[in-house]
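Asker: structure for the following, please:
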Amino acid sequence: MKKVSALKLALSAAAFAVMLAFPRVVSDSARAGLAFCAEILIPSLFVYMVLSDMLAGAAAFFPRAAFPYAVMIAGMICGSPSGADSVRRIYENGGISKKQAECLIAVSGSASASFTVGFAGGAVLGSVRAGVLMLIFKAAVSFAVWAVISRVSLSAEERKFSVRVCGGGANLAGSVKRAASAVTNICACVVFFTVAADLVTPLCANNEYARLALRGALEFSGALGECRALPAGARYVAACALIGWQGACVHLQVSVAAGEKLSLKPYFAVKAAETCAMTALGLLTKGLAV
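Answerer: Numbers count the residues shown, from 1 in each chain. Reported below is the predicted structural model:
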């Protein structure tokens with residue numbers, strides 16, 4: 001425990017020193033991160049997160065067999081970490097078990113549909129069709145992964161999802177307040193990781209693919225923007241991989257939304273599988289999207 005604390009202290013001190021040494025990069029990157037949040041992230045997330053919050057309050061009204069798919073579809077429409085936030089609150093209100101919640105969080109994290117189609121497809125790839133393809137692939141992969149993880153991790157009785165009545169999500173005013181708080185946290189994460197990525201990616205300045213991989217590991221929305229510099233086919237495959245992985249910035253958001261009581265081990269295992277599957281699908285279908 002002491003070694004972990006010492007390591008955290010050393011990393012924090014090193015990061016602080018680097019930021020002090022490059023104040024112009026930090027301020028420019030923070031400004032760019034804030035602009036991205038205002039222009040892209042908040043318009044594509046806030047309203048959908050309000051709806052996601054209300055969905056959590058109405059969870060008990062879904063048919064048992066449809067409930068997991070409703071959570072996954074809501075996550076795809078609303079975007080990360082709204083799915084994890086909804087699942088956590090349903091769990092905390094006694095609607096589902098801990099194991100059920102961990103499995104659902106693992107498959108509920110996605111870039112929002114508007115972000116995937118509008119930004120990744122339309123703005124980055126210059127093709128709404130490519131964005132729609134990525135959205136369809138992500139849904140198919142999530143459903144396939146759920147079919148596997150639910151049978152491996154849950155008993156036949158647990159897979160029935162007898163969701164009990166959950167309170168605290170159906171009130172519009174409360175949903176707006178919680179969504180505003182969640183979006184603020186997301187934007188804070190995006191700004192921080194944008195700064196971090198801009199500080200470390202110059203280490204890979206001579207290799208655009210290594211630079212993209214490093215940025216994508218940290219903050220995937222900025223990495224998606226950098227895909228524009230790649231050839232058309234490589235740009236599409238890279239975008240597919242990034243949509244699958246999403247980056248440390250989103251993982252931190254999901255961790256905060258999931259709370260301390262739920263394990264993210266299934267989530268990271270699923271993210272690794274989704275990244276591989278999305279990359280493979282990108283390679284197989286780049287002729288359709290380019």
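Asker: from now on I want contacts and neighbour counts done on CA atoms only, so please keep to that.
Answerer: Will do.
Asker: list the contacts for residue 115?
Answerer: Residues in contact with residue 115 (Cα atoms under 8 Å, 6 or more residues apart in numbering) are 40, 41, 44.
Asker: just name the lowest-scoring one in those residues, pLDDT-wise.
Answerer: Least confident by pLDDT among these: that is residue 44, with 72.
Asker: where's that one, which helix or strand?
Answerer: Using DSSP states H and E, residue 44 maps to helix 42-57.
Asker: okay, stretch 91-107 in CSV with CA atoms only?
Answerer: Taking C-alpha atoms only, stretch 91-107 is exported to CSV below (Å, rounded to 0.1, in the frame of the first residue of the first chain):
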residue,chain,number,x,y,z
TYR,A,91,-28.2,-1.7,-8.2
GLU,A,92,-28.0,0.7,-5.2
ASN,A,93,-31.8,0.9,-5.1
GLY,A,94,-31.9,-2.9,-4.9
GLY,A,95,-33.2,-3.6,-8.4
ILE,A,96,-30.5,-6.0,-9.5
SER,A,97,-27.7,-7.9,-7.9
LYS,A,98,-24.0,-6.9,-7.8
LYS,A,99,-23.0,-9.6,-10.3
GLN,A,100,-25.8,-8.5,-12.7
ALA,A,101,-24.7,-4.9,-12.4
GLU,A,102,-21.1,-5.6,-13.1
CYS,A,103,-22.0,-7.6,-16.2
LEU,A,104,-24.3,-4.8,-17.5
ILE,A,105,-21.8,-2.1,-16.9
ALA,A,106,-19.3,-4.1,-19.0
VAL,A,107,-21.5,-4.0,-22.1
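Asker: what's it in contact with?
Answerer: With Cα under 8 Å, 6+ apart, stretch 91-107 has contacts from 60, 68, 71-72, 83-84, 87-88, 90, 142, 145-146, 149-150, 153-154, 158, 161-167, 258, 262-264, 266-268, 270-271.
Asker: ditto for stretch 210-222
Answerer: Residues contacting stretch 210-222 (Cα under 8 Å, 6+ apart): 190, 193-194, 196-198, 201-205, 223-224, 226-227, 242-243, 245-250.
Asker: quick check: next helix or strand after the longest helix anywhere in the chain?
Answerer: For the chain, the longest helix by residue count, based on DSSP state H, is helix 172-200. Per DSSP H and E, helix 172-200 leads on to helix 208-218 as the next helix or strand towards the C-terminus.
Asker: give me the mean pLDDT for that next one.
Answerer: Mean pLDDT, computed over helix 208-218, is 87.
Asker: mind listing what's buried along the very next helix or strand once past it?
Answerer: On the C-terminal side of helix 208-218, the closest following helix or strand by DSSP H and E is helix 220-226. Applying a neighbour-count criterion of 16 or more other Cα atoms under 10 Å, one finds 220, 221, 222, 223, 224, 225, 226 buried in helix 220-226.
Asker: quick revisit: mark which of the contacts of stretch 210-222 are buried, thanks.
Answerer: When those are checked for burial by 16+ other Cα under 10 Å, the buried set is 190, 193-194, 196-198, 201, 223-224, 226-227, 242-243, 245-250.
Asker: so how far is residue 271 from residue 210?
Answerer: Using Cα to Cα, to the nearest Å, one gets 20 Å for the distance from residue 210 to residue 271.
Asker: okay, these two: which has more neighbours?
Answerer: residue 271 (23 against 14; other Cα atoms under 10 Å).
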